[in-house]
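Trainee: I would like the atomic coordinates for the input below:
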Amino acid sequence: MTTIPATDTATTTTTPLWFRTATDLRDAIADGTLTAVEVMTAFYDRIDATNDAVNVIVYRLPRDEALVLAAEADAARESGAELGPLHGLPIAIKDLVDVAGMPTSRGSRAFADRGPMPTDAPHVAKLKAAGALVIGKTNAPEFGVGTVTWNDVFGITRNPFDLSRHAGGSTGGVAAVAAGMLPFADGSDSGGSLRYPASFCNAVGLRTTPGLVPAAQGATSWEPHSVNGPVGRNCRDVALLLTGMSGTDQLAPLSAGRTVTTELGAPSTRPIRLAWSADLGGLPISPEVRESHARTRATLEAAGVEVVDVELDTDGLDETWQTIELFGWFALLGTDPLEHPESYRDDFVRNVTEASGYPSGQIVAALDRRYRAYTEMASLLEGFDAFVVPGAPVVAPPAEVPWVAEVDGVAFDRYFLWQRLACRLVPSAHPVLAMAAGFSGHLPVGIQVVGRYGADDELLALGDRLETILGVAGVHPELG
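Mentor: Residues are numbered from 1 along each chain as shown. A predicted model of the protein is given here:
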């Protein structure tokens, strides 16, 4: 493991280009210190060196096509054209999301043979307009089901800190960022898909306020349950990426009226007051994570942060999340998984089968509990800057397991039950920042930081301050 300071600048000579921050690279391209071609070449070299081991970039443009995009970005800068906030930076898109000219398999045998997509998803179009260079797709489990990335199309995405472990999911692109294959990546989250991999890979993922990043998702487009969000190595990079992928799109109804989050300024010096939970309502947590979570608290308190034990009312949240999550799959895909089960993984078929029989009263009860979850979280945050819980209940699990079936002696019979640290925070619809907090041995351990509804920029600014205190955001894996 190599420790690299989180405050690298463009003048740093010891940091490999692929591990320099996205904000640093953006500035270097803008002022001509680096060219987009140099940056693209370095990241393609890194992908060539490490992707076979990690298995996260599942489709990419040929190198010569990517270099043409970079050369066009350099020509635009040299011409004096106005540059977008992500100008010249490469990115790959989660393989649940359409990119014009690239295939979208959704990690499913049912979609594995589809050809290139005709159009960009709304947030992909915004990324391109902001100057990002889309070079490929990142791995995801089938339809994003589960918080570890594996599927029958591309296989397992492994953790750059320990290749015998999962990188987490469903946003497998976190592994690409952690390994230095990309400066940042996009992701989505309905039950921890941005947050668990960030905890496992010493990265940052933001479950955004619904609608901040536009999403056109057919029958579920009005739902706040699943959101798109940014992934980066630190909070400033995540804020930069969010600037380029957020905003209003006419195809995304929840995006109406949303304002673009701006990049972070100088850190505030006002006191920080955090609400704190060790297990979010008594969930099983491994001893390693409990110990790390306690050390994180002690580090924050030693730096002058006020930390107060507070518990959220979690009664009914598990059932609410499950009802809305599973019914969403049924709304999105209809009966096809029931009519062609051989094309889908077994637990996904089980989800759709179960949801197809939900009585209306169950759905209404879930929607009612979801609204109360929103009001309860808003009330909890009064007088606090954020609410903090562990990032995941375990360190990164072995890569061979399809999901974690036991935590601290508690056994689970459904793949999503070990996700409840993340799932219980979804119904409130408040933004949740997953960020690096420490290590258990050589494996990263993170925290989830819940902020005020619609205040994603404030949450990232707080995360930036916590990052400085915790001091682990610049730790990268020894890989390749």
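Trainee: Can you measure across stretch 217-233, start residue to end residue?
Mentor: One end of stretch 217-233 sits 28 Å from the other (CA to CA, to the nearest Å).
Trainee: check contacts around residue 204.
Mentor: Residues in contact with residue 204 (CB atoms under 8 Å, 6 or more residues apart in numbering) are 198, 231-235, 237-238, 433-436, 463, 473. C-beta coordinates here come from the backbone N, C-alpha and C atoms, glycine included.
Trainee: switch to 10 Å and redo it
Mentor: Residues near residue 204 by CB atoms under 10 Å, 6 or more residues apart in numbering: 174, 177, 184, 194-195, 198, 230-239, 241, 433-436, 446, 460, 463-464, 467, 473.
Trainee: Let's see which of the residues you listed end up in strands.
Mentor: If you go by DSSP state E, these have 230-232, 433-436, 446 in strands.
Trainee: which of the residues you listed lies closest to residue 262?
Mentor: Of all the ones in strands among the contacts of residue 204, residue 262 sits closest to residue 230, with 13.6 Å by CB to CB.
Trainee: What is the least confident helix or strand in this structure?
Mentor: In the chain, no helix or strand scores lower on mean pLDDT, DSSP states H and E than strand 2-3, which sits at a mean of 36.
Trainee: next helix or strand past that one?
Mentor: As assigned by DSSP states H and E, the chain's next helix or strand after strand 2-3 is helix 22-31.
Trainee: got the buried residues for that following helix?
Mentor: Of the residues in helix 22-31, those buried by neighbour count under the rule 16 or more other CB atoms under 10 Å are 22-26, 28-29.
Trainee: Could you do stretch 246-259 as well?
Mentor: The neighbour-count check on stretch 246-259 (16+ other CB under 10 Å) flags 246-249, 252, 254-255, 258 as buried.
Trainee: next one: it to chain centre, how far?
Mentor: Stretch 246-259 sits 20 Å away from the centroid of its parent chain (CA atoms, centre = their mean, to the nearest Å).
Trainee: Give the helix, strand or coil label for residue 137.
Mentor: In three-state terms, and counting by DSSP: H, G, I helix; E, B strand; the rest coil, residue 137 is strand.
Trainee: typo on my end, it should be residue 67
Mentor: For residue 67, the assignment made with three-state DSSP gives helix.
Trainee: doesn't residue 449 fall inside a helix?
Mentor: No: counting by three-state DSSP, residue 449 falls outside a helix, being strand.
Trainee: now the helices for the stretch 101-250 of the chain?
Mentor: Using DSSP state H, counting those that start in this stretch, the helices of the stretch 101-250 of the chain run over residues 122-129, 173-179, 195-201, 235-245.
Trainee: Check which residues of stretch 147-159 are buried.
Mentor: Using 16+ other CB under 10 Å as the test for burial, stretch 147-159 gives 147-151, 153-154, 156-159.
Trainee: give me the number of residues near residue 50?
Mentor: 22 (other CB atoms under 10 Å).
Trainee: Same question for residue 68.
Mentor: Residue 68 has 15 neighbours, counted by other CB under 10 Å.
Trainee: For it, give its distance to residue 311.
Mentor: Computed as CB to CB, to the nearest Å, the residue 68 to residue 311 distance reads 55 Å.
Trainee: As a quick check, tell me the outermost residue of the protein.
Mentor: The centre of the chain is farthest from one residue, residue 79, which by CA atoms, centre = their mean lies 35.2 Å away.
Trainee: Give the other helices and strands that the helix ranked longest in the chain contacts.
Mentor: The longest helix of the chain (DSSP state H) is helix 360-380. For helix 360-380, the packing partners by 3 or more CB pairs under 10 Å, 6 or more residues apart in numbering; DSSP states H and E come out as helix 317-333.
Trainee: Could you check the angle the helix it packs on makes with helix 360-380?
Mentor: Interaxial angle, helix 317-333 versus helix 360-380 (axes from the mean of the first three to the mean of the last three CA atoms, to 10 degrees): 120 degrees.
Trainee: buried set for the helix or strand that helix 317-333 is followed by?
Mentor: Once helix 317-333 ends, the next helix or strand along the chain (criterion: DSSP H and E) is helix 336-339. Applying a neighbour-count criterion of 16+ other CB under 10 Å, the buried positions in helix 336-339 are residue 337.
Trainee: Ok, stretch 189-198 next?
Mentor: Buried-residue list, stretch 189-198, by 16+ other CB under 10 Å: 189-198.
Trainee: same question, stretch 108-119
Mentor: Within stretch 108-119, the residues that count as buried by 16+ other CB under 10 Å are 108-111, 117.
Trainee: contacting residues around it?
Mentor: Outside stretch 108-119, the residues that touch it by CB under 10 Å, 6+ apart are 59, 95-106, 124-125, 140-143, 145, 151-154, 216, 251, 333, 336-337, 340, 342-345, 348.
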